[in-house]
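> no sequence on this one, just coordinates:
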């Protein structure tokens, strides 16, 4: 029922935005506004209905020509969704100025040079803004779904035990295997990390959005464990809960991956043994209280001289982890906001830890931009895989 409500909201929203945008374009161009409204309404409905129907279709096919054709079309439709929203926003702002200028020049002659100049400006605006924003949305969707960056970071961890010197950890996060991200891109991600020959690979949640891929993903990851000397580690994200967390957990537990759910494992021996701590995802309202409880559970049994590294899908674990002096936290969830302009994120995400590397008194936390996404449009925030080398 919830999915149908969300689909209805999207279609209705696109119809309204399309209608208002069409009306504004017609107003600026001084053509019939009711025709602009109708055309905009039809465009908005087409984008909304097309996006919903094609996405549902791609949940039923996982190979073949339907997938090969449907995926790029769906990606571009999502680019048009963003473009329509942006066009509506920009033209609405211009519409306010249009109204103010109309009132200010009401007493002027229709042939007055200032009035003519104003009308010509808004006529051009009605053409240029939709064209530029539409192309930008289309390109952002294409690049967002296809561009993958390999990011390599060197970390001088506080009080690092000797056994960690030169140790390499690869990270994938927020892969979202489903309508936009397929097995080809999962292979691309893991090949990119493996090329740096890390000791281990960690997957910090939101692996899968479409259970139709689960068996194939499990078999593929099971086969790739051998490419990482210390194996692959996996924790849950919120999207595993969205699709069927117990089913996902049971199937992936049949692989050779190391699985964590508010638990830990010793990964390196020595005078100061190193432990990997993996957190489950929770939906509790008392975030801080639940994070404290979950970390107490996950770290129970680690000796005081142990050296923990934390995997947590949501970066809201970072403040408590820093309070406990955990030297390294690897996280994701935010996708880096996906749309970044002028150094700012235009999409509301968790703050203050939302993208990249953070350091406090020699302790480090990293929030991945995501190796995939459930919505393809990215601007100045490419998909990433990351390899950390501990100095």
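Alright, I've got the coordinates. The shown structure was predicted, so the numbers you read here are calculated from the model rather than taken from an experiment.

> quick check: neighbours of the helix or strand of the chain with the lowest mean pLDDT in the sheet, parallel or antiparallel?
Ranked by mean pLDDT, DSSP states H and E, the weakest helix or strand in the chain is strand 344-345, scoring a mean of 82. Strand 344-345 has its sheet partners listed here by DSSP bridges as strand 340-341 (antiparallel).

> give me the element residue 191 is part of.
Using DSSP states H and E, residue 191 maps to helix 183-194.

> what comes up buried for that helix?
Counting neighbours by 16 or more other C-beta atoms under 10 Å, one finds that the buried residues in helix 183-194 are 185-186, 189-190, 192-194. (C-beta placed from N, C-alpha, C; glycine too.)

> ok, so of these, who is nearest residue 232?
residue 190 (8.9 Å; C-beta to C-beta).

> so the closest one is in contact with residue 201, correct?
Yes: contact criterion C-beta atoms under 8 Å: residue 190 and residue 201 qualify, at 7.2 Å.

> spatially central, which residue of this structure would that be?
residue 335 (3.2 Å; C-alpha atoms, centre = their mean).

> quick one, what contacts that one?
Neighbouring residues of residue 335 by C-beta atoms under 8 Å, 6 or more residues apart in numbering: 174, 349, 369-370, 373, 381.

> cool, residue 310 as well?
277-279, 317, 321, 326, 328-330.

> from residue 152, how far out is it?
Per C-beta to C-beta, to the nearest Å, residue 310 is found 21 Å from residue 152.

> give me phi/psi at residue 195?
Here is the backbone geometry of residue 195 (degrees, to the nearest 10): phi -60, psi -20.

> again with residue 309
phi -120, psi 130.

> ditto for residue 200
phi -150, psi 160.

> list the buried residues of the helix or strand harbouring residue 87.
Using DSSP H and E, residue 87 sits in helix 65-104. In terms of neighbour count (16+ other C-beta under 10 Å), helix 65-104 has its buried residues at 70-71, 74-88, 90-91, 94-95, 98, 101.

> one more: stretch 7-24?
7, 10-11, 13-15, 17-24.

> also stretch 30-37?
Buried, per 16+ other C-beta under 10 Å, within stretch 30-37: 36-37.

> mean confidence for it?
Stretch 30-37 carries an average pLDDT of 93.

> show residues contacting that stretch.
19-20, 22-27, 29, 119, 123.

> inside strands: which ones of these?
Assigned to strands by DSSP state E, none of the contacts of stretch 30-37 qualify.

> pull the most distant pair out of those.
19 and 119 (23.0 Å).

> where do the helices sit along this protein?
Using DSSP state H, the helices of the chain run over 2-29, 33-58, 65-104, 113-146, 183-194, 214-224, 238-243, 245-252, 287-299, 318-323.

> now find how far off-centre the third one is within its chain.
When you say that, I think you mean helix 65-104. For helix 65-104, the separation from the chain centroid amounts to 20 Å (computed by C-alpha atoms, centre = their mean, to the nearest Å).

> next one: the last one
Average the C-alpha atoms of helix 318-323, do the same for its chain, and the two points are 23 Å apart (C-alpha atoms, centre = their mean).

> likewise for stretch 294-304?
With C-alpha atoms, centre = their mean, you get 30 Å for stretch 294-304.
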